[in-house]
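> give me the fold of what follows.
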Amino acid sequence: MNKTTKNHYIKTNRIFNPVRKYGWIITVLVAIGGLWEPKLGLVVLLIMGGLIITSFFSGRYWCGNICPHGSLFDKIILPYSANKKIPEFFKSKIFFIPFFLFFMFNFTRKIIMILNSWGTYDILDKIGALFSNTYLVVMIAGGTLAIFVNSRTWCQFCPMGTMQKISLGLGRKLGIAKKTEKKITISDKSKCISCGKCSKVCPFQLSPYLEFSDKNQFDNINCIKCNTCVENCPLKILSLEKEDKSAA
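The predicted model follows:
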């Protein structure tokens, strides 16, 4: 095995904007505060709308730059995480597709039950409570995995992440994302020394230096465009660019 691909991952700063630094507060407010004020859960509707729309144009950018849970995992939990290799099983289609289908089925079933109460005074509380409780489950399950395995373990099979990939797939198929999506770009592949640091600091444990395309871009659909590899590249030859600019 290439020495640069050994199971060795580096904890490093992943916070490059105020949203990532303080976004975790939303997670705690919705998940915990929702136990007393269920309507706080309605905020999740805005989050879902935001991530689906942005992913159509920019892929999983939301995961790496805006997601409140991502902020919790990277800002609060990462320092205490075991930071182990994420099991391949969690990344496999035989796991995340059934998990996504189960989640959507169960969530839809609960929504239908709530809608049967349409017209009652507490309908918003019931909808908010559903979203708030879901956020709480993610915070507990994702947080546990973050501590004992890796901070971004949950993100490998997160239903919202899967929805983003579906949205991006549609955006790419229609040719729209090609003009709007920014990808990790290397200025010159010949300058890369294959140190593997981009892989060692990647929250998703991806390996950009092994997968750059002929256009010098990292096309992996799971890339969350978080800039962690850009900031940590020892030669400073990585950037986040659109395809047309990378080819210029």
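
> for the closest residue to W154 other than its chain neighbours, helix, strand, or coil?
When the adjacent residues along the chain are set aside, W154 lies closest to G142, with 3.4 Å between them (Cβ to Cβ, 6 or more residues apart in numbering). The way it works is simple: take the backbone N, C-alpha and C, and place the C-beta from them, glycine included. At G142, secondary structure determined by DSSP: H, G, I helix; E, B strand; the rest coil is helix.

> so how far is R109 from the closest residue to V30 other than its chain neighbours?
Of all residues beyond its chain neighbours, the one nearest V30 is Y135 (4.8 Å), with distances taken as Cβ to Cβ, 6+ apart. As defined by Cβ to Cβ, to the nearest Å, Y135 lies at a distance of 18 Å from R109.

> who has more neighbours out of these two?
Per other Cβ atoms under 10 Å, whichever of Y135 and R109 has more neighbours is Y135, with 25 against 10.

> next, count neighbours for G49.
Counted with other Cβ under 10 Å, the burial measure for G49 works out to 10 neighbours.

> sorry, wrong one. I was asking about L46.
Applying other Cβ under 10 Å, we find 9 residues neighbouring L46.

> residues touching it, list them.
Residues counted as contacts of L46 (Cβ atoms under 8 Å, 6 or more residues apart in numbering): none.

> and I114, by the same measure?
Each residue near I114 by Cβ under 8 Å, 6+ apart is listed here: I123, K126, I127, L130.

> possible to save those residues as CSV with pLDDT, neighbour count and distance to F57?
Conversion of the contacts of I114 to CSV gives the following (pLDDT from 0 to 100; neighbours: other Cβ atoms under 10 Å; distance: Cβ to Cβ, whole Å):
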residue, pLDDT, neighbour count, distance to F57
I123, 90, 14, 33
K126, 93, 17, 33
I127, 94, 21, 28
L130, 96, 20, 28
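
> narrow those residues to those in helices?
Secondary structure defined by DSSP state H assigns I123, K126, I127, L130 of the contacts of I114 to helices.

> F96: which of the residues you listed is nearest?
Out of those, the one with the shortest distance to F96 is L130. That distance is 22.2 Å, counting by Cβ to Cβ.

> please consider this matter closed, and thank you.
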